[in-house]
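Visitor: I would like the atomic coordinates for the input below:
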Amino acid sequence: MNNDTRQIRKIGLALALGVGLIYLAFLKPGIWGIDGNEMFWMSHSLVTKGNLSLPPGGGILGRDGAYYSSRYPLISILAAPLVAVGLVFGYLMNVPTRYSSTLFALLLPLTLTAITTALVFGIALRLGSSKKAAYLAALSFAFGTTALVYAREFFAEPVLAFITALSLYWALGKNYREHAGTSILTALAVIAKPSGIVMGPILCLYFLGKRYPWRTVIAPLLGTGMGIALYLGYNYLRFESFWKTGQGTERIQLAGMVERWLGMLFSPGSSGGLFWYCPPTILAVWGFYRLFKQQRLEALLVMGVLLGYLTMHSLWVFRGWNWGPRFLVPALPGLLALTALIPKKRWNILLALAIVGFLVNAPTLVSYYQRYYAEAADTNRFLNVIALWGNPADAPLFNAWPAAFRQLGDAFSQDVREVIHNVGSPVYIGQLTKSNLLHIVAVWWWVLPAAGIPIWLGFILAAALVVAGIWILRWGWREIKSSCS
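Guide: Predicted structure coming up:
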């Protein structure tokens, strides 16, 4: 290993650690929403009962009269060790284990997104960028896109984003073992979320274009086949049928595909607006153009990932409680790596767009973005809010800050002990805004009084985490400058 490789690894570690510490300061105090809670309870059951069933009444009736989620298994499996630690922590601290285990489960997406930040740096370098540009692109990913939001949510997207980023990083390398390893990643991508099926064919075509050996070309496809087999087994485990997933096929429709395809890029509405919610991605178009002139296959590989996820999800009639283009989060690492290829004299534009992206997504650091959706559902405005091409005035993009201020305003009159006691309790349409988690500052240290620890102590610790994270990130930047001097 030469000195340059060692330095790149140290800088990547600094990125992951620095971003991770800052993210940790804003770790959420609990999971709100159906998707995240179902996948959490799968993980909880895996630890406590050795299966993936849900509590009675939740999910869909399946094997042996138990209820199962229609969601995806990988995040629940990966989070199981953290959930186990959270259960022990709850016993020791005399707080409800249901709460403590959700808190620890949320460390998984946080950690994976921090590591993905380092992978953005690595992908950019392998595409031919300078270290400084790659570093700025990685920070823009971590703080100027919806990665900042979904690092705090228990969704499948951060897991799939990590797998996608690592797949790109390995594919762009020259090491046969990395190329062969993509077979494992494409298998994991499918069980992370079925849309991950696009990665196998994309990598296969790239390897074919590079005229690599046939064993390399077919490796991603073999992985995809294994992933499909594993998912079919997961279906049988839940519903005693290889083909039943729990999600209705009626939501797969060609009608409206174009509107959804364009909406995920340009609409400011729910589930849409890549360029609205992730402004730095605008420069990915420029980066793609510059890369395409020199390395066509590499440019097409990165853009193929975006088009794969974009097209796959445009076939799905989505109506979830999403913050921006949730389904395109796995494509963000490649897109932000492309931004590192713009001319040096235009780096200020990347920084400006990253700051705009931070301001767009920042209200979710101290509140649940679902607060606005809950308010809309309780006042019969929900269909207006989730419309992809509805009135822009109803879009979450333009209402997140007011909703966040309302949540912060409620926080000072909320008993956090009651919040902890009721975490996981069901909420109903018409009373969604009564959920306790939507009435507190949405950070872990705000609920410390439930464990007998004063808030001010947690605030100091959180501030120390932010300062330490910034110091480490500055160290990484100085390390790059020293090598360039």
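Visitor: pLDDT weak spots in the stretch 101-250 of the chain?
Guide: By pLDDT under 70, the stretch 101-250 of the chain has no low-scoring segment.
Visitor: helices along that one, start to end?
Guide: In the stretch 101-250 of the chain, the helices defined using DSSP state H, counting those that start in this stretch lie at 107-126, 131-144, 147-150, 157-171, 176-192, 199-209, 214-239.
Visitor: if I look at the spatially most central residue of the chain, how far off is residue 107?
Guide: Note on the chain: the residue nearest the mean C-alpha position is residue 158, at 2.8 Å, using Cα atoms, centre = their mean. According to Cβ to Cβ, to the nearest Å, residue 158 stands 11 Å off from residue 107. Every residue, glycine included, has its C-beta placed from N, CA and C.
Visitor: residue 68 against residue 60, yeah?
Guide: Yes - using Cβ atoms under 8 Å, residue 68 is in contact with residue 60, at 5.9 Å.
Visitor: joint contacts of those two?
Guide: By Cβ atoms under 8 Å, 6 or more residues apart in numbering, residue 68 and residue 60 have these common neighbours: 239, 246.
Visitor: who's more crowded, these two?
Guide: Each of residue 68 and residue 60 has its neighbours counted (other Cβ atoms under 10 Å); residue 68 has more, 24 against 16.
Visitor: tell me the contacts of that one?
Guide: With contact set as Cβ under 8 Å, 6+ apart, residue 68 has these partners: 52-54, 59-60, 62, 238-239, 246.
Visitor: end to end, how far does stretch 137-151 reach?
Guide: Start and end residues of stretch 137-151 are separated by 17 Å (Cα to Cα, to the nearest Å).
Visitor: how distant is it from the center of its chain?
Guide: 9 Å (Cα atoms, centre = their mean, to the nearest Å).
Visitor: what ranges do the strands span in this protein?
Guide: Here the chain has its strands, by DSSP state E, at 53-54, 60-61, 67-68.
Visitor: which of those sits closest to residue 461?
Guide: With distances scored as Cβ to Cβ, the stretch of those nearest to residue 461 is strand 53-54 (34.1 Å).
Visitor: as TSV, the strands of the chain with distance to residue 347 and mean pLDDT would be great.
Guide: Formatted as TSV, the strands of the chain follow (distance: least, Cβ to Cβ, whole Å; pLDDT from 0 to 100):
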stretch	distance to residue 347	mean pLDDT
strand 53-54	48	92
strand 60-61	50	91
strand 67-68	49	93
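Visitor: and of the ones you listed, who's closest to residue 207?
Guide: strand 67-68 (36.7 Å).
Visitor: can you pull the contacts of the closest residue to residue 333 other than its chain neighbours?
Guide: Closest residue in space to residue 333, ignoring its immediate chain neighbours: residue 165 at 3.7 Å, by Cβ to Cβ, 6 or more residues apart in numbering. By Cβ under 8 Å, 6+ apart, the residues touching residue 165 are 116, 119-120, 123, 333-334.
Visitor: returning to what we had before: distance check, the residue nearest to the centre of the chain against residue 6.
Guide: Remark: distance between residue 158 and residue 6 (Cβ to Cβ) = 28 Å.
Visitor: and residue 403, by the same measure?
Guide: From residue 403 to residue 6 the distance is 46 Å (Cβ to Cβ).
Visitor: name the residue in the two with the higher neighbour count.
Guide: Per other Cβ under 10 Å, whichever of residue 403 and residue 6 has more neighbours is residue 403, with 24 against 10.
Visitor: wouldn't that one be in contact with residue 370 here?
Guide: No - the pair residue 403 / residue 370 is not scored as a contact, 9.2 Å apart, by Cβ under 8 Å.
Visitor: once you drop chain neighbours, what's closest to residue 131?
Guide: residue 480 (4.6 Å).
Visitor: that neighbour: how many residues sit nearby?
Guide: Residue 480 has 21 neighbours, counted by other Cβ under 10 Å.
Visitor: ok so, going back, the residue nearest to the centre of the chain contacts residue 150, doesn't it?
Guide: Yes - between residue 158 and residue 150 a contact is recorded at 5.4 Å, counting by Cβ under 8 Å.
Visitor: overlap in contacts, the two.
Guide: Shared contacts of residue 158 and residue 150, counting by Cβ under 8 Å, 6+ apart, come down to 109, 113, 329.
Visitor: for the stretch 301-450 of the chain, what spans make up the helices?
Guide: Secondary structure of the stretch 301-450 of the chain (DSSP H, counting those that start in this stretch): helices at 332-339, 347-361, 370-378, 382-386, 400-411, 416-422.
Visitor: tell me the angle the longest one makes with helix 400-411.
Guide: Computed with axes from the mean of the first three to the mean of the last three Cα atoms, to 10 degrees, the direction of helix 347-361 lies at 50 degrees from that of helix 400-411.
Visitor: start the count at 59 instead of 1 going forward.
Guide: Got it, the first residue is 59 from now on, which makes the last one we talked about helix 405-419.
Visitor: residue 340: neighbour count?
Guide: Residue 340 is flanked by 16 other residues according to other Cβ under 10 Å.
Visitor: not counting its neighbours along the chain, what's nearest it?
Guide: The shortest distance from residue 340 to any non-neighbouring residue, by Cβ to Cβ, 6+ apart, is to residue 333 (5.4 Å).
Visitor: do residue 296 as well
Guide: Nearest non-adjacent residue to residue 296, counting by Cβ to Cβ, 6+ apart: residue 126, 4.0 Å away.
Visitor: what distance do you get for the closest residue to residue 284 other than its chain neighbours to residue 281?
Guide: Nearest residue to residue 284 in three dimensions, chain neighbours excluded: residue 245, at 4.2 Å (Cβ to Cβ, 6+ apart). Counting by Cβ to Cβ, the gap from residue 245 to residue 281 is 4 Å.
Visitor: one more: residue 141?
Guide: Applying Cβ to Cβ, the value for residue 141 to residue 281 is 27 Å.
Visitor: do the same with residue 431
Guide: Separation of residue 431 from residue 281 (Cβ to Cβ): 36 Å.
Visitor: hang on, the earlier thing: and the residue nearest to residue 340, what pLDDT?
Guide: Residue 333 carries a pLDDT score of 96 in this model.
Visitor: got it, and residue 59?
Guide: 65.
Visitor: residue 480 now?
Guide: We have a pLDDT of 63 for residue 480.
Visitor: check residue 75 too.
Guide: Model confidence at residue 75, given as pLDDT, is 98.
Visitor: the closest residue in space to it that isn't next to it in sequence: neighbouring residues, count only.
Guide: With sequence-adjacent residues excluded and distances taken as Cβ to Cβ, 6+ apart, residue 75 is closest to residue 530, at 5.5 Å. By other Cβ under 10 Å, the residues close to residue 530 number 20.
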